[in-house]
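A.B. asks: only the shape, not the letters, is given here:
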């Protein structure tokens, strides 16, 4: 995969079959390795959604004259949630969009990169695996219960600094 030249020595020393023939030599500054490239892209987009929502929330708080401190935490979280919803919708495909895009590709004759079959799969995995991943990323991003590991509930460092007055 593109960028794996950054880990070339480790790849060549591994048990990857035909590593010397197939290993990419093009390096990258930041390597993101994933079993399905779409999934890595979606994970990166989900993370960027959180960063963008935090930045926009802090800008809105400053424009609205919301003071710094825990007494404004409800305002910050309510606005961040709305902004997060808007940013998610702009950056991530819905399940319907994902199904329709794959259907259009299959109808146009595209083949699965692993199975080589003209079917509704991604890298040999059923479409439901792709949709499940999108649902999981959304759940992680929006889960309101910190004890359940939600990224939204955990808040960002920037949001925490704002509500603590730092």
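C.D. replies: Received the coordinates, thanks. No experiment lies behind these values; they were computed from the predicted model shown.
A.B. asks: Three-state assignment for residue 83, please.
C.D. replies: Per DSSP: H, G, I helix; E, B strand; the rest coil, the secondary structure class of residue 83 is helix.
A.B. asks: surely it and residue 58 touch.
C.D. replies: No: in this structure, residue 83 is not within contact of residue 58 by CB atoms under 8 Å, at 10.1 Å. In short, each C-beta sits where N, CA and C put it, glycine included.
A.B. asks: neighbours around residue 131, how many?
C.D. replies: For residue 131, the number of neighbouring residues by other CB atoms under 10 Å comes to 18.
A.B. asks: so what's it up against?
C.D. replies: 95, 98-99 (CB atoms under 8 Å, 6 or more residues apart in numbering).
A.B. asks: phi, psi for it please.
C.D. replies: phi -70, psi -40 (degrees, to the nearest 10).
A.B. asks: just to revisit the earlier point, out of the contacts of residue 131, who's the most crowded?
C.D. replies: residue 98 (19 neighbours).
A.B. asks: give the contact list for it.
C.D. replies: 127, 130-131, 134.
A.B. asks: buried residues, the host helix or strand of it. List them.
C.D. replies: Taking DSSP states H and E as the definition, residue 98 sits inside helix 95-107. By neighbour count on 16 or more other CB atoms under 10 Å, the buried set for helix 95-107 is 98, 102, 106.
A.B. asks: nearest to residue 23, of those?
C.D. replies: Using CB to CB, residue 102 comes nearest to residue 23 of these, at 29.3 Å.
A.B. asks: you'd agree the closest one is up against residue 128?
C.D. replies: No: look at residue 102 against residue 128 with CB under 8 Å: they stay out of range, at 11.6 Å.
A.B. asks: the bottom helix or strand of this protein by mean pLDDT?
C.D. replies: helix 151-154 (a mean of 45; mean pLDDT, DSSP states H and E).
A.B. asks: any idea how far residue 35 is from residue 41?
C.D. replies: 13 Å (CB to CB, to the nearest Å).
A.B. asks: which of these two has more residues huddled nearby?
C.D. replies: Higher neighbour count among residue 35 and residue 41: residue 41, with 12 against 8, using other CB under 10 Å.
A.B. asks: tell me the pLDDT of the more buried one.
C.D. replies: Residue 41 carries a pLDDT value of 91.
A.B. asks: for the helix or strand containing it, buried residues please.
C.D. replies: Using DSSP H and E, residue 41 maps to helix 37-64. Residues 39, 42-43, 45-46, 49-50, 52-54, 56-58, 60-61 are the ones in helix 37-64 that count as buried (16+ other CB under 10 Å).
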